[in-house]
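>>> sequence first, predicted coordinates after that:
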Amino acid sequence: MHVSVITIFPQQIQSFMQFGVPRIAVAKTAMAIEAVDLRDFSEDRHRRVDDRPFGGGPGMVLCPEPVFAAVEAVEARSGAAHKILLTPRGRRLDQEKLRVLSRLPRLLILCGHYEGVDERVLQGFDWDEISLGDFVLSGGEVAALVLIDGLARLLPTVLGDPASADDESFEKGLLEAPQFTRPRSFRGMDVPEVLLSGDHQAVDRWRRDQSLKATAERRADLLAPRADDLSPE
């Protein structure tokens, strides 16, 4: 997977790729990340890429000229890409969306800033608008890094144990069951006996029960689509 990130802070993207799962994805050539400095496409001698909104109001808006130039330059060099705009107006990101995106060969991510981007940017390209949730960040870079991290762990060969991604929260529509490791007893708190039993069927059943319990208590909305598949128990 090749990902181009158009941003006014390319160093923020580049430094992130030196750690954790994204670093492994790059090292294993499962993912290539290109940080594209939007200011390189500004025609202003001060490299400005924003201006005040027409009609008044607070804040600044990213101008269309540098964004169009950056998108067109990236695609002319590397080929057509699935274009993602990170915006509060977008569809909320979830694990199913990450799975869909992880199958695509090329992504282009535009990091919004200030009061957003000129509407003509949205009109000029076919954007997949994505939001992390009902809150506001100071810029799209943090959202882009969350997206990249979520994608990296889904790519083949990246995780040491391929089954690791399958057992994460949301992968099966439920929250993950509790996890325990050594020591068996710590400050009066013991590891559940079933996990020490060696009975794999009993362990699987316990984990599913705990997963359902946690989901019912904390994210009951996730159970609604599965209601017909669940027994009263």
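Perfect, thanks for sending it.
>>> for the nearest residue to residue 102 once chain neighbours are set aside, grab the count of nearby residues.
Spatially, and ignoring its direct neighbours in sequence, residue 102 is nearest to residue 154 (4.0 Å; C-beta to C-beta, 6 or more residues apart in numbering). For glycine as for every other residue, the C-beta is placed from the backbone atoms N, C-alpha and C. Neighbourhood size, residue 154 [other C-beta atoms under 10 Å]: 21.
>>> assumed residue 154 was part of a helix.
No. If the criterion is DSSP: H, G, I helix; E, B strand; the rest coil, then residue 154 is coil and not within a helix.
>>> what is the helix or strand harbouring residue 90 packed up against?
Taking DSSP states H and E as the definition, residue 90 sits inside strand 82-92. In terms of contacts (3 or more C-beta pairs under 8 Å, 6 or more residues apart in numbering; DSSP states H and E), strand 82-92 is packed against helix 95-102, strand 106-111, strand 127-131, helix 140-152.
>>> can we see that at 7 Å?
Contact partners of strand 82-92 among helices and strands, from 3 or more C-beta pairs under 7 Å, 6 or more residues apart in numbering; DSSP states H and E: strand 106-111, strand 127-131, helix 140-152.
>>> buried sites along the second one?
Okay, so that is strand 127-131. 127-128, 130-131 (16 or more other C-beta atoms under 10 Å).
>>> and the contacts of it?
Here strand 127-131 makes contact (C-beta atoms under 7 Å, 6 or more residues apart in numbering) with 82-93.
>>> same question for that strand, mean pLDDT?
Mean pLDDT, computed over strand 127-131, is 96.
>>> if we can go back for a sec, which one of the contacts of strand 127-131 has the most neighbours?
residue 86 (26 neighbours).
>>> so that one sits against residue 141, correct?
No. With contacts counted by C-beta atoms under 7 Å, residue 86 stays clear of residue 141, the gap being 8.8 Å.
>>> what sits in contact with each of those two?
Residues touching both residue 86 and residue 141 (C-beta under 7 Å, 6+ apart) are residue 111.
>>> hang on, residue 3 in a helix?
No. Checked against three-state DSSP, residue 3 lies outside a helix; its state is strand.
>>> list the buried ones in the lengthiest helix in the chain?
What stands out as the longest helix in the chain, according to DSSP state H, is helix 200-218. With burial defined by 16+ other C-beta under 10 Å, the residues of helix 200-218 counted as buried are 203, 206-207, 210-212, 214-215.
>>> show me which residues of stretch 67-82 are buried.
Across stretch 67-82, burial judged by 16+ other C-beta under 10 Å covers 67-68, 70-71, 74-75, 81-82.
>>> isn't the residue nearest to residue 102 right next to residue 97, touching?
No. Residue 154 lies out of contact with residue 97 (C-beta under 7 Å); the separation is 11.1 Å.
>>> for residue 177, see how far away the residue nearest the centre of the chain is.
Of all residues in the chain, the one closest to the mean position by C-alpha atoms, centre = their mean is residue 147, 1.9 Å from it. Separation of residue 147 from residue 177 (C-beta to C-beta, to the nearest Å): 26 Å.
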